[in-house]
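In: Build the 3D model from these lines:
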Amino acid sequence: MSAFDLPRQPHRRRNSLTGRWVLVSPQRGSRPWQGRQDEPESPPSVAHDPNCPLCAGSLRATGQRNPAYTGPFAFENDFPSLLPVGTDEAFADPLFQCETVRGTNRVLCFSPDHSRSLATLGPAAVEAVVAAWMTQSEDLGRQWEWVQVFENRGTLVGCSNAHPHGQIWATDALPTEAVLESVLQRDYYARHGRPLLLDYARRELELGERLVFETPHWMAVVPYWATCPYETLLLAKFPVQRLPQLTRRQAADLAQAVQALAVRYDNLFSCAFPYSMGWHGAPFDASPSPHWQLHAHYYPPLLRSASVRKFMIGYEMLGEAKRDLAPEQAAAHLRACSGVHFSQANAHAR
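Out: Residues are numbered from 1 along each chain as shown. Below is the predicted model of the structure:
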């Protein structure tokens with residue numbers, strides 16, 4: 001029996017990037033739901049909120065006032081989780097290990113429009129966001145080894161401000177997920193002479209069953225090892241290690257891909273679809289890293305509707321991750337979504 005004969009019965013799948021396993025139980029997908037249901041989240045209705053500390057011209061908690069920005073706007077986080085200075089200390093006790101970490105946190109407002117997300121911004125505005133991801137990564141990469149670009153969208157993933165924005169954290173040490181991905185990608189490259197994720201992208205394009213869509217340079221798939229019900233990977237179809245390496249054409253095509261995925265997510269349950277997403281690429285150090293391949297992870301919390309959230313509890317916290325919707329089913333659901341945002345489709349219908 002091959003791995004492709006298993007989707008109808010309980011089985012485990014291995015994450016090729018981290019080595020972790022996930023239990024897939026597709027026979028449970030149709031069970032009645034009697035658990036918690038949350039109120040679906042609606043996007044903000046105004047283009048400018050004078051009480052929002054991220055809007056153009058607004059006063060932030062520190063007393064600083066935002067400029068009247070017209071495109072993406074980045075600034076140092078007023079309440080950072082990391083600091084750029086610190087003493088060099090480490091504790092090697094086998095039970096109480098500890099070391100100093102340095103870094104910085106930036107906030108990136110996508111646009112001055114309080115009401116528009118990456119799904120509903122104009123194409124040029126999304127291209128400007130991608131350009132900001134690239135320039136911010138390059139700037140921070142001159143000083144820090146790891147640069148983490150990410151976005152938390154929606155209160156269900158803990159976002160505390162509705163203004164469409166993301167963050168860029170930079171540290172002097174690789175975080176846990178980066179270490180895991182680097183080790184397994186390096187091992188694959190040593191054995192096969194090719195980047196793991198470039199080979200993976202080619203196989204997913206051939207199979208097609210987990211492909212959500214593709215553009216000339218990019219593709220979105222529900223990964224074979226997905227943990228979240230509608231988790232996706234945004235993959236380059238060409239060799240590239242970091243965001244700043246993208247050509248103008250590749251970056252413009254990435255903007256189209258980012259928006260296409262955001263639109264399909266919103267259309268899935270006709271809501272402002274929550275997720276946490278972020279980019280993983282090669283560290284900004286002096287060592288060659290041809291094993292790395294640039295990619296973005298999307299982790300949405302929704303399970304079966306705009307009001308039903310997936311919780312990681314019980315067996316998942318004590319054993320391993322589990323999902324009741326096969327990745328192939330999730331990909332089919334996302335593929336079936338329109339490429340036109342539901343809000344625009346509804347407006348045209350009226």
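
In: who's in contact with Gln344?
Out: Counting by Cβ atoms under 8 Å, 6 or more residues apart in numbering, Gln344 touches Thr120. For glycine as for every other residue, the C-beta is placed from the backbone atoms N, C-alpha and C.

In: now it: how far from Phe96?
Out: Computed as Cβ to Cβ, to the nearest Å, the Gln344 to Phe96 distance reads 55 Å.

In: same question, Ser117
Out: 43 Å.

In: what does stretch 46-61 rub up against?
Out: Contacts for stretch 46-61 (Cβ under 8 Å, 6+ apart): 65-70, 73, 78-79, 107, 109, 112-116, 161-163, 165.

In: Quick check on the residues you listed: which are buried?
Out: Among the contacts of stretch 46-61, the ones that count as buried by 16 or more other Cβ atoms under 10 Å are 66, 73, 107, 109, 112-116, 161-163, 165.

In: Not counting sequence-adjacent ones, nearest residue to the residue sitting nearest the centre point of the chain?
Out: Closest residue to the average C-alpha location of the chain: Met277 at 1.7 Å, with Cα atoms, centre = their mean. The shortest distance from Met277 to any non-neighbouring residue, by Cβ to Cβ, 6 or more residues apart in numbering, is to Tyr298 (4.4 Å).

In: For the one you found, what is the enclosing helix or strand?
Out: Secondary structure from DSSP states H and E places Tyr298 in strand 295-299.

In: just Phe75 next, same as before
Out: Phe75 belongs to strand 73-76 when assigned by DSSP H and E.

In: quick check: mean pLDDT across that strand?
Out: Per-residue pLDDT over strand 73-76 has a mean of 98.

In: helices or strands next to that strand in the packing?
Out: Other helices and strands packing on strand 73-76, by 3 or more Cβ pairs under 8 Å, 6 or more residues apart in numbering; DSSP states H and E, are strand 103-109.

In: and the strand it packs on, average pLDDT?
Out: Averaged across strand 103-109, pLDDT comes to 98.

In: Give the partner strands of it in its sheet and their orientations.
Out: Strand 103-109 pairs in its sheet with strand 73-76 (antiparallel), strand 165-171 (antiparallel), by DSSP bridges.

In: out of the ones you listed, deepest packed?
Out: Neighbour counts (mean count of other Cβ atoms under 10 Å) averaged over each of the strands paired with strand 103-109 peak at strand 165-171, with a mean of 21.

In: Just the CA coordinates for that strand, please, in CSV.
Out: C-alpha atoms of strand 165-171 as CSV (Å, rounded to 0.1, in the frame of the first residue of the first chain):
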residue,chain,number,x,y,z
HIS,A,165,-0.7,45.2,9.5
GLY,A,166,2.1,42.7,10.0
GLN,A,167,5.3,42.6,12.0
ILE,A,168,9.0,41.9,11.4
TRP,A,169,11.0,40.5,14.2
ALA,A,170,14.8,40.1,14.0
THR,A,171,17.0,38.1,16.4
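
In: ok, residues contacting it?
Out: With Cβ under 8 Å, 6+ apart, strand 165-171 has contacts from 54, 74, 77, 81-82, 101-110, 133, 136-137, 140-141, 143-152.

In: Any chance of a ChimeraX selection covering the buried ones in those residues?
Out: To isolate the buried members of the contacts of strand 165-171 in ChimeraX, using 16+ other Cβ under 10 Å:
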select :54,74,82,102,103,104,105,106,107,108,109,110,133,136,137,140,141,144,145,146,147,148,149,150,151,152
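
In: now the farthest one out in this protein, which residue is it?
Out: Asp93 (35.2 Å).

In: ok, that residue - contacts?
Out: For Asp93, the contact set (Cβ under 8 Å, 6+ apart) is empty.

In: Okay, it and Glu99: tell me how far apart.
Out: For Asp93, the distance to Glu99 (Cβ to Cβ) stands at 12 Å.

In: Flag the shaky bits of this structure, pLDDT-wise.
Out: The model of the chain has pLDDT under 70 over residues 1-7, 28-40, 346-350.

In: If we use 90, what do you get?
Out: For the chain, the stretches flagged by pLDDT under 90 are 1-9, 25-45, 85-94, 96-99, 160, 286-288, 303-313, 315, 324, 344-350.

In: Break down it into its helices, ranges please.
Out: Using DSSP state H, the helices of the chain run over residues 123-141, 176-192, 196-207, 248-269, 315-318, 327-335, 342-349.

In: What is the longest one packed up against?
Out: Right, helix 248-269. Secondary-structure packing of helix 248-269 (3+ Cβ pairs under 8 Å, 6+ apart): helix 123-141, strand 211-214, strand 218-221, strand 232-236, strand 302-305, helix 327-335, helix 342-349.
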